[in-house]
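**Student:** pasting the sequence and the predicted model now:
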Amino acid sequence: MKIKVRGIEEGQPVPEKFAFGVYSEQDHMSFGPNRNPELVWEDAPEGTRSFVVMMFDPDVPSVADDVNQEGKTVSKDIPRVDFFHWLLVDVPASVSRIPEGEDSDGVIPKGKEPGPGPVGIRGVNNYTQFLAGNPDMAGT
């Protein structure tokens, strides 16, 4: 099976249009466009009944206390954890493309509802935990 993620280059920073957070001179971080990248795949194994899309960082700092704090640096020695950015399950076998922005286009206060989405069933990502302390954004 061949999978392409369009608009993201191997070894390069993720373009801002796909980012949840982008650099801001005032606040250090502002909400970004938060668009899903376009995914295209082909040559699925015969008998495929559905697909799962799972995008995660395998190396997110386990403690975020110093993130976006004036005069602080996140230590490279902090243990790293998996952080799930995007989870779709039960994507129909007839689907071979998810267009850019189809499942995510913008940051939604309180989060997007898990369950049926434009394509497949939307799962819960780790932003639920990341934003739990923010009364304007906390949600699933």
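**Tutor:** Ah, there it is.
**Student:** and the spatially most central residue of the chain, what pLDDT?
**Tutor:** Residue closest to the mean C-alpha point of the chain, counted by Cα atoms, centre = their mean, is His85 at 2.8 Å. What the model reports as pLDDT for His85 is 89.
**Student:** just checking, it touches Gly123?
**Tutor:** No: between His85 and Gly123 there is no contact, the gap being 10.9 Å when judged by Cβ atoms under 8 Å. Placement of C-beta: from N, CA and C, glycine included.
**Student:** ranges for the strands of this structure?
**Tutor:** 2-6, 21-24, 28-31, 38-42, 50-61, 80-92, 97-98, 115-116, 121-122 (DSSP state E).
**Student:** show me the shaky parts of the protein.
**Tutor:** Scanning the chain for pLDDT under 70 picks out no residues.
**Student:** mind running it again at 80?
**Tutor:** Across the chain, the ranges flagged by pLDDT under 80 are 27-28, 64-70, 130.
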